[in-house]
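1. predicted model and sequence follow; I will ask about them next.
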Amino acid sequence: MSKLLRIKEVMVEYGIGERTIEKAVRAGELPIYKFNSKAYYYKISDIEKWIDGKRIKIAQAPVHETPYERLLQFEIVRQKHVRKLH
């Protein structure tokens, strides 16, 4: 059987926020286990499977531009259009 962790241990071990974990549980993406009336537990294998499912390929990763880079791109496009008009 896979080792079980409590939510604080998951947060520390994997660097995942409490709200992110709770959202995954509500969405049915991450199962929880309850053995007594107070504590919820997470299987390490379930957590790692969930994390692996969240990975995206580099080609799918969104490109984040700085405002300066966006302005520079806009200026390049603008200059091309100005040249066409003259």
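-> Structure received. Numbers count the residues shown, from 1 in each chain.
2. hang on, Ser45 packs against Ser2?
-> Yes. Applying C-beta atoms under 8 Å as the test, Ser45 and Ser2 come out as touching, 4.0 Å apart. For every residue, glycine as well, the C-beta is placed using N, CA and C.
3. where does Tyr41 fall, secondary structure wise?
-> Taking DSSP states H and E as the definition, Tyr41 sits inside strand 40-43.
4. just name whatever secondary elements that strand is in contact with.
-> Contact partners of strand 40-43 among helices and strands, from 3 or more C-beta pairs under 8 Å, 6 or more residues apart in numbering; DSSP states H and E: strand 4-5, helix 7-14, strand 33-34.
5. and Gly53, which of these is closest to it?
-> Of all the helices and strands packed on strand 40-43, it is helix 7-14 that lies closest to Gly53, at 13.7 Å by C-beta to C-beta.
6. how close does the residue positioned nearest the centre of the chain get to Ile76?
-> Relative to the mean C-alpha position of the chain, the nearest C-alpha, by C-alpha atoms, centre = their mean, is the one of Lys54, at 6.4 Å. Distance check for Lys54 against Ile76: by C-beta to C-beta, to the nearest Å, it reads 35 Å.
7. next, the residue nearest to Ala39 when sequence neighbours are not counted: phi, psi?
-> Of all residues not flanking Ala39 in the chain, Arg6 sits nearest, at 6.0 Å (C-beta to C-beta, 6 or more residues apart in numbering). Summarising the backbone geometry of Arg6 under the convention degrees, to the nearest 10, its torsions are phi -90, psi 170.
8. what's the neighbour count on Arg6?
-> Using other C-beta atoms under 10 Å, Arg6 has 11 neighbouring residues.
9. ok, it - contacts?
-> The contact partners of Arg6, taken as C-beta atoms under 8 Å, 6 or more residues apart in numbering, are Ala39, Tyr40, Tyr41, Tyr42.
10. ok, of these, which come out buried?
-> Buried residues within these, defined by neighbour count using 16 or more other C-beta atoms under 10 Å: Tyr41, Tyr42.
11. farthest-apart pair in the contacts of Arg6, please.
-> By the measure C-beta to C-beta, Ala39 and Tyr42 form the most distant pair in the contacts of Arg6, at 10.7 Å.
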